[in-house]
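> attaching a predicted model along with its sequence, questions to come.
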Amino acid sequence: MTTHEARRTQAQRDAITVEIGYALFSAAFAAAVVFGAIAGPVLFFDLPGRVETLLLRTGTAVAAVLFAARVISVLVRFRRPAQPSQPGRTSPDS
């Protein structure tokens, strides 16, 4: 394989860029929703200091783990090669 054959096309680079953007955006959105659900009561209720701290730290930890898991799952799913819908067939018209 020559170096020219190993290069990605512009369409492939664009697809990777879009997929990375989608992974980051969807992960940030999911993490923000989960953080708000866990730590949100701190804003609306007068809670004891330890409970507030616990909710904020738990929300931060869960949001960080969710963010990483979402990014990884989207990018791993994108990397997998597409499989034919019917094994043994190489084109939809066959």
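Done, it's in.

> low-scoring stretches of the chain, by residue?
1-6, 80-94 (pLDDT under 70).

> and the helices in it?
3-6, 10-39, 41-44, 49-79 (DSSP state H).

> reformat those as a markdown table; add mean neighbour count.
Just so you know, the C-beta spots here come from the backbone N, C-alpha and C atoms, and that holds for glycine as well. Formatted as a markdown table, those follow (neighbours: other CB atoms under 10 Å):
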| stretch | mean neighbour count |
| --- | --- |
| helix 3-6 | 6 |
| helix 10-39 | 14 |
| helix 41-44 | 11 |
| helix 49-79 | 14 |
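
> what sits up against stretch 29-38?
Leu55, Thr58, Gly59, Thr60, Val62, Ala63, Ala64, Leu66, Phe67, Arg70 (CB atoms under 8 Å, 6 or more residues apart in numbering).

> of those residues, closest to Ala39?
Nearest to Ala39, judged by CB to CB, of those is Gly59 at 3.5 Å.

> test my guess that the closest one contacts Ala39.
Yes. With contact defined as CB atoms under 8 Å, Gly59 counts as touching Ala39 (3.5 Å).

> with adjacent residues omitted, what lies nearest to Arg70?
Using CB to CB, 6 or more residues apart in numbering and skipping residues adjacent in sequence, the residue nearest Arg70 is Ala27, 3.7 Å away.

> residues touching the one you found, list them.
Leu66, Phe67, Ala68, Arg70, Val71, Val74.
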